[in-house]
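J.: following is a predicted model, sequence given first.
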Amino acid sequence: MKFVAGYSLFVVLSLILRQRYNETDFNMEEAGKDKVSFIDSIDNYDIAELYDKVVHILCLRGSMSFDFRNTHYNIAEGDYVIITNVSFVSGLTRSEDFKAVSMCFPESFVTPMALRSNYGIIGHLSLLQNPVMKLSGKDFIKCRTDLLRIRERLSDNNHLFKEEMISHLLAAHILDLYDIHARANIPDEPSERTFILLGRFIAMLYKKEYMRHRDLPYYASELCITPHYLSEICKKVSGRPATYWIDRFTLQEATRLLCQKELTLKDVAARMNFSSVSYFSRYVQKRTGLYPTEYRKSLFSKRQQQ
C-alpha cells in the first residue's frame, strides 16, 4: 500500500512538473526524449531529416571545412559550429584525424529562449549569419563537458523526469553559448524599445507570417513604425536590413519544401502562397541565382556528395 501511495505521489508530482515546465518560455516537448540526438558521422547527414534541426559541432581534433551560404569556413580543434539550416552547407571536407561531438535538436526549442532576452536576440541573429565560434581553452572545456553530459544522460531511461532533465541541461548549454558569444561580441547597447520591436519582428517570422506576407510595409504596420525605421533597427543590431530576414526565413521554408521530392513546383508555390509558379521562380532566382528546378537539383546533389 505504501508503495502504491508513493508511486502515485511520483506520478502526480511528474504531472505537476510537466504542466509547470510546459508553461515556461522554452518548449519542453521539443527537447524531450528522441528530440535531442547525437550524430556519429557528419559525412552522411540527410538534409530531409535535419531540415528543421539545429546542428551543433564541437571540433575535438583535426580540421574541417565547408561552405555555408556562399561563405567558406575552416574549423580546427576548439571551434564550435552552429548550423541552423544544413541545406545551405556544401563542400564538406575533413582531415583524417577529425573528431567531433555533434548534436542536433529542433530549432523550435531554442527560438523562444533567444527572443525572451535582449542579448539572446543579438546572439541568435549573429549566429544565423556566422556559424563558427572560436573558443578559449576554458570555454572549450565547458562546452565539451556540457555536450558529453547531455549525451550521457540521454541513456538514463530509468529517470522519472528524463525529458525535463534533458531539456534543462540543453537550455543551460545554450545559455553558456550565449554567454561566450556575448563576451566576445559586445555591441553598442541598443535601446530597450529597439529590442522590443526587433523581438516582435523576429517572432512574427518564426510564426511564419512570411508565408502570407513578404513585404516590409506589412511588418512595419504591425509594429506601428515606418518601413525605414524597421530596417534601421535591424541593421543596427544584426548588420542586415529587415528584408534580408524576411527573405531568409522565406527561402528556408522554400528549401524545406523543395527537399520533398513528392511535391511539384506548383505544389511548393501554392503552399508558400505565391500567386503563380512563375512568380515563385522569379523570387527564388533573384535571391539565390538559381531557378527552383536548378536549386532543387543542387540540394539533392549536395546530399549525394556528402
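T.: That came through, no problem.
J.: per-residue confidence at the closest residue to Lys53 other than its chain neighbours?
T.: Leaving aside its chain neighbours, Lys53 sits nearest to Cys104 (4.3 Å; criterion: Cβ to Cβ, 6 or more residues apart in numbering). Just so you know, the C-beta spots here come from the backbone N, C-alpha and C atoms, and that holds for glycine as well. We have a pLDDT of 88 for Cys104.
J.: check Lys2 too.
T.: 40.
J.: equivalent analysis for the one 3 residues further on, please.
T.: Confidence at Ala5, expressed as pLDDT, is 40.
J.: again, but for the one 10 residues further on
T.: We note a pLDDT of 35 for Leu15 in this prediction.
J.: repeat for Pro292
T.: 88.
J.: what's the closest non-adjacent residue to it?
T.: Val284 (4.9 Å).
J.: in what helix or strand does that neighbour lie?
T.: In this assignment (DSSP states H and E), Val284 forms part of helix 277-288.
J.: which elements pack onto that helix?
T.: helix 242-258, helix 265-271, helix 292-305 (3 or more Cβ pairs under 8 Å, 6 or more residues apart in numbering; DSSP states H and E).
J.: what's in contact with that helix?
T.: By Cβ atoms under 8 Å, 6 or more residues apart in numbering, the surrounding residues in contact with helix 277-288 are 214, 247, 250-251, 254, 265-266, 268-269, 272, 274, 290-292, 295.
J.: can you tell me the average pLDDT over stretch 222-241?
T.: On average, stretch 222-241 scores 89.
J.: report the buried residues of that stretch.
T.: Leu223, Ile225, Pro227, Leu230, Ser231, Ile233, Cys234, Val237, Ser238, Arg240, Pro241 (16 or more other Cβ atoms under 10 Å).
J.: one more: stretch 54-65?
T.: Buried, per 16+ other Cβ under 10 Å, within stretch 54-65: Val54, Val55, His56, Ile57, Leu58, Cys59, Met64.
J.: distance of the fifth one from Asp79?
T.: If I follow you right, that is Leu58. 8 Å (Cβ to Cβ, to the nearest Å).
J.: repeat that for His168.
T.: 26 Å.
J.: show me which of the two is the more surrounded one.
T.: Asp79 (19 against 16; other Cβ atoms under 10 Å).
J.: give me the distance from stretch 291-301 to the chain's centre.
T.: The chain centre lies 22 Å from the centre of stretch 291-301; the measure is Cα atoms, centre = their mean, to the nearest Å.
J.: next one: stretch 263-275
T.: So, by Cα atoms, centre = their mean, the centroid of stretch 263-275 is 24 Å from its chain's centroid.
J.: gap between the two ends of that stretch?
T.: 17 Å (Cα to Cα, to the nearest Å).
J.: quick one: mean pLDDT over that stretch.
T.: For stretch 263-275, the per-residue pLDDT averages 94.
J.: and the residue nearest to Leu258 when sequence neighbours are not counted, how close does it get to Thr264?
T.: Using Cβ to Cβ, 6+ apart and skipping residues adjacent in sequence, the residue nearest Leu258 is Arg296, 4.6 Å away. According to Cβ to Cβ, Arg296 stands 11 Å off from Thr264.
J.: okay, the two: which has more neighbours?
T.: Arg296 (22 against 10).
J.: flag the shaky bits of the stretch 1-150 of the chain, pLDDT-wise.
T.: When residues are selected by pLDDT under 70, those of the stretch 1-150 of the chain lie in 1-34, 41-52, 110-129.
J.: tell me where it has helices.
T.: 2-22, 47-50, 107-115, 118-129, 137-154 (DSSP state H, counting those that start in this stretch).
J.: how does this structure divide into domains?
T.: Domain segmentation of the chain under automatic domain parsing yields 18-184, 192-305.
J.: circling back to that earlier point, just give me the neighbour total for the residue nearest to Pro292.
T.: Considering only other Cβ under 10 Å, Val284 is surrounded by 27 other residues.
J.: could you do Arg212 as well?
T.: Other residues close to Arg212 by other Cβ under 10 Å number 9.
J.: nearest residue to it other than its sequence neighbours?
T.: Excluding the flanking residues, the one nearest Arg212 by Cβ to Cβ, 6+ apart is Asn273, at 5.5 Å.
J.: just the element for the one you found, please.
T.: Using DSSP H and E, Asn273 falls outside every helix and strand.
J.: from Tyr210, how far off is it?
T.: According to Cβ to Cβ, Asn273 stands 9 Å off from Tyr210.
J.: so which of the helices and strands packed on helix 277-288 is the most packed in?
T.: Most buried of the helices and strands packed on helix 277-288, by mean neighbour count (mean count of other Cβ atoms under 10 Å): helix 242-258, with a mean of 20.
J.: could you check the angle that helix makes with helix 277-288?
T.: Relative orientation of helix 242-258 versus helix 277-288 (axes from the mean of the first three to the mean of the last three Cα atoms, to 10 degrees): 120 degrees.
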